[in-house]
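>>> got a sequence here, can you model it:
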Amino acid sequence: MTNPAPRIVRYVGWLSARAGRVLVVSVVVALLGALSLLRLEFDVGLVSMLPAGTPRFADYERFVQRFGAQDLVIAVVRGTEPASARRFAVAFADALRERPEILEVRAGVDRGAFLRELGEGALARLMPLERHDDVADRLSVDRVDATVAGMKSALSVPGAVGLGPAMVADPLGLSIVLGEALSASRPDRALDPGADALASPDGTRLLLLIRPAEAGFDLEDVERLAMALEAAEETVR
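Below you'll find the predicted structure:
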């Protein structure tokens with residue numbers, strides 16, 4: 001057997017002679033280390049777990065900051081009959097809008113935004129090819145003259161001042177043609193005349209699109225969102 005080096009022998013002897021003090025110092029260091037754990041925080045967010053300091057990480061971090069809040073939580077409200085399902089969906093959406101964890105709740109089609117997008121060029125992109133004949137008919141000289149005459153007649157009625165913006169936005173009624181085409185192509189009734197909810201054909205199931213305030217990449221944020229959804233549900237039950 002090889003004899004230990006002299007310096008190791010001296011070190012062990014030094015520790016043996018001061019065993020009590022070494023033990024006390026070790027306990028104190030251990031206690032101080034344990035106290036430091038009280039200030040330890042775990043960050044389990046997706047971004048924090050990725051390697052930082054690279055161009056790709058910086059690009060991804062900017063992407064999360066810009067588009068992370070676009071995440072959606074999809075909730076389905078089911079009822080035994082359309083009226084009760086609709087009442088609960090409306091109350092649930094209102095309760096969610098009061099929660100700080102929720103940025104936005106959409107329970108139906110935003111027809112105002114829909115019309116604005118049509119006026120900004122979306123009409124031509126969305127109009128199906130099979131409805132182009134209907135569009136051409138509304139653009140004919142006779143139909144345009146009839147439309148202008150109808151608009152003048154409608155605006156001459158007392159109290160018709162509020163009709164002006166709607167007529168200017170879609171004077172030829174092309175949004176009606178598009179709405180009919182989109183309604184026929186959808187399995188739900190969201191674009192039916194008079195409808196404003198994302199509902200199943202029988203009306204007993206309604207869809208809610210919920211946008212959380214946080215990006216959803218952090219487990220704590222997800223937990224807070226789940227608690228907010230449960231609290232809102234309990235409020236309206």
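>>> from D170, how far off is D145?
17 Å (C-beta to C-beta, to the nearest Å). Placement of C-beta: from N, CA and C, glycine included.
>>> who's more crowded, those two?
Counted by other C-beta atoms under 10 Å, D145 and D170 do not tie: D170 has more neighbours, with 15 against 10.
>>> which phi and psi does the more buried one have?
phi -150, psi 70 (degrees, to the nearest 10).
>>> which residues touch it?
Neighbouring residues of D170 by C-beta atoms under 8 Å, 6 or more residues apart in numbering: L115, L118, G119, I176.
>>> helices and strands of this protein: which one bottoms out on pLDDT?
Least confident helix or strand of the chain, by mean pLDDT, DSSP states H and E, is helix 163-169 with a mean of 69.
>>> what average pLDDT does the helix or strand following it get?
Downstream of helix 163-169, the first helix or strand assigned by DSSP states H and E is helix 174-185. The average pLDDT within helix 174-185 is 78.
>>> and the helix or strand following helix 174-185, how far from the chain's centre?
Following helix 174-185 in sequence order, the next helix or strand is strand 205-212 (DSSP H and E). Distance, stretch centre to chain centre, for strand 205-212: 9 Å (C-alpha atoms, centre = their mean, to the nearest Å).
>>> report the buried residues of strand 205-212.
Neighbour counts over strand 205-212 (16 or more other C-beta atoms under 10 Å) mark R205, L206, L207, L208, I210, P212 as buried.
>>> give the full set of residues in contact with the fourth one.
When you say that, I think you mean L208. Counted by C-beta under 8 Å, 6+ apart, L208 has contacts I74, A75, V76, V77, A89, F92, A93, L96, V105, R106, A107, L198.
>>> how close does the closest residue to P82 other than its chain neighbours sit to R78?
Nearest residue to P82, sequence neighbours excluded (C-beta to C-beta, 6 or more residues apart in numbering): G203, at 3.1 Å. Separation of G203 from R78 (C-beta to C-beta) stands at 11 Å.
>>> between these two, tell me which one has more neighbours.
Neighbours were counted for G203 and for R78 using other C-beta under 10 Å; G203 has more, 17 against 12.
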